[in-house]
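Peer 1: Build the 3D model from these lines:
(4 chains, ligands or ions: 2)
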There are 2 protein chains.
Amino acid sequence: MKISAQEEYGLRCLVQLAALPEGGSLTLPQIAEREGISIANAGKLMWLLNKAGFVHSTRGTKGGYSLERPAEDIRLSEIIKVLDEDVLSKHCGSYTGVLDSCVHNGDCGIRPVIIGLHMLVENALSQITLAQLVGSERSVDAMFHRVHSIHRTVEPHGV
Amino acid sequence: MKISAQEEYGLRCLVQLAALPEGGSLTLPQIAEREGISIANAGKLMWLLNKAGFVHSTRGTKGGYSLERPAEDIRLSEIIKVLDEDVLSKHCGSYTGVLDSCVHNGDCGIRPVIIGLHMLVENALSQITLAQLVGSERSVDAMFHRVHSIHRTVEPHGV
DNA sequence: AACAATCTTGACGAAAAAATAATGATTTGC
DNA sequence: GCAAATCATTATTTTTTCGTCAAGATTGTT
Ligand code: FES
Ligand code: FES
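Peer 2: Numbers count the residues shown, from 1 in each chain, chains lettered A, B, ... in the order given. Ligands and ions are numbered 1, 2, ... in the order given. Predicted coordinates for the structure are as follows:
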C-alpha cells in the first residue's frame, strides 16, 4: 500500500502555497525549485490542482498560483481524493488477472477489507487540514498522534 | 494510496489455501486457475510467499503448496509487510524529484502523516487473520466493521 | 503594437512495475 | 533408472506510470 508520486508531489506543492503569508502566490519556477522537481512536472501537478479547484492561477507577468480557499478549510482527504483518481472504485476492474473481470465477483472476502481500509485512511485524512502541515515536523507529528490515538482505544480482543 | 498487484494477488493466493480443508494443498496450475492469473505469475507469487515462510512447498508428483501455519495465526499485517517490500522506509528516498534526496530532509510536515497512515493501516490489518477472509463477502464485511468501528470512537472535534 | 513572463495542454520518451518465458532442480511412480 | 509432475530461479518482454517537451494562449509592460 503506497502513495503515488502524484499524491506526494501534489500535496507538497499545496503545502508550499499554504506556507505563504496571506494572499501570497508562487510561480511555477518557484514551486519547482522549492520542491526540487522540474518546472514541467510542477506545471502538470498545478494544472490538476487548478482543475480540481484547490488553487487559482493567474497568467502573464506577475502571475502565479495561490490557494483558492483558506488552508484551514482544505482537508487532506479532499486533496488525496483528487490526486488519487478514484482508485477505489476501479479496484475490482484493475486486478482481473488474465480474465476480463475479477474472478471473485459476487462473493469476495478481500473487497470489504480494501474498502474498509480506504474508509479508515480517508477518515484519518479528513481530520487533518492543509494548514496543519505547514508547521515543523515535530508539531505535525504531535498533531497526527492525536488522530492516531484513535486506534489505541479499540478493545484488544481479536475481532 | 493504493494496493499493488503483488499485494492483491499474493493475498488472494493465500486465501485460496486458507479455504482448503485442514492440511489440504494446491498446485500452481490449480492456484492460477482459481485466481484467474497465469501459472507463471502464480509461481512467482508463491515463491515469494514461500521465502517469507507463509507456505510450505512440496516438489514432484503430488506436490503443491500448503499453509505453513494455521490460517487463524496469520495476520494480514504480516502478509502485507512481506508483499509490500518495505515501502515505508524507502519513502523519503523514492520521491526525490530531480535531486538526490528529499528537499525536506530535516523538517518535513508530510513524513509524519505518511508514517501515521501506515501505522493506522497496519494496526487495522493486524486485527484481521487470514482465516477471517475465507467466509463470504457479507460476513467479512461485518467482521471488518467491528474493526472499522475504532475510528468512529474518535471525538469529532478537529485535531 | 511589440515583447516578455507566465500558465495550458496534448503528445512523446524514460523509468518502474508487472507479467511472461525459459531453464533448472527435486520428487514420485513405475 | 527413467519419465512425468511439480516447484525454483533468473531473464526477457510487456504494460503502466511518471516525467519531459514543445507549441500555444493569456496577461502585463513599455
Ligand atoms: S477485489 Fe474485486 S471481487 Fe475481490
Ligand atoms: S517525505 Fe521525505 S522529507 Fe518529507
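Peer 1: Please name the nearest non-neighbouring residue to residue A:70.
Peer 2: residue A:131 (7.5 Å; CB to CB, 6 or more residues apart in numbering or on different chains). (C-beta placed from N, C-alpha, C; glycine too.)
Peer 1: before we move on, what about residue A:63?
Peer 2: residue A:27 (6.7 Å).
Peer 1: So what's the model's average confidence on the helix or strand hosting residue A:41?
Peer 2: For residue A:41, the host element (DSSP states H and E) is helix A:39-51. For helix A:39-51, the mean per-residue pLDDT is 96.
Peer 1: Identify each buried residue in it, please.
Peer 2: Buried residues in helix A:39-51, counting neighbours by 16 or more other CB atoms under 10 Å in any protein chain shown, are found at A:41-42, A:45-46, A:48-49.
Peer 1: Check stretch A:91-99 too.
Peer 2: Those would be A:91-92, A:95, A:97, for stretch A:91-99 by 16+ other CB under 10 Å.
Peer 1: and what of stretch A:18-33?
Peer 2: A:18-19, A:25-28, A:31-32.
Peer 1: Take those and keep only those in helices.
Peer 2: A:18, A:28, A:31-32 (DSSP state H).
Peer 1: Turn these into JSON lines, including pLDDT and distance to DNA strand C.
Peer 2: As requested, these are exported to JSON lines (pLDDT from 0 to 100; distance: CB to the nearest atom of the strand, whole Å):
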{"residue": "A:18", "pLDDT": "94", "distance to DNA strand C": "16"}
{"residue": "A:28", "pLDDT": "96", "distance to DNA strand C": "3"}
{"residue": "A:31", "pLDDT": "96", "distance to DNA strand C": "8"}
{"residue": "A:32", "pLDDT": "96", "distance to DNA strand C": "9"}
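Peer 1: Mind putting those residues into CSV with distance to ligand 1?
Peer 2: Converted to CSV, these look like this (distance: CB to the nearest ligand atom, whole Å):
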residue, distance to ligand 1
A:18, 36
A:28, 39
A:31, 37
A:32, 38
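Peer 1: Please see if the lengthiest helix in chain A touches ligand 1.
Peer 2: Using DSSP H, we find that the single longest helix of chain A is helix A:111-126. Yes: residues of helix A:111-126 contacting ligand 1 under CB under 6 Å from any ligand atom: residue A:111.
Peer 1: picking up where we left off before, what sits against the residue nearest to residue A:63?
Peer 2: Contacts for residue A:27 (CB atoms under 8 Å, 6 or more residues apart in numbering or on different chains) come out as A:63-65.
Peer 1: Return the entry from these with the maximum number of neighbours.
Peer 2: Among the contacts of residue A:27, the one with the most neighbours (other CB atoms under 10 Å in any protein chain shown) is residue A:65, at 25 neighbours.
Peer 1: Fine by me, we can end here.
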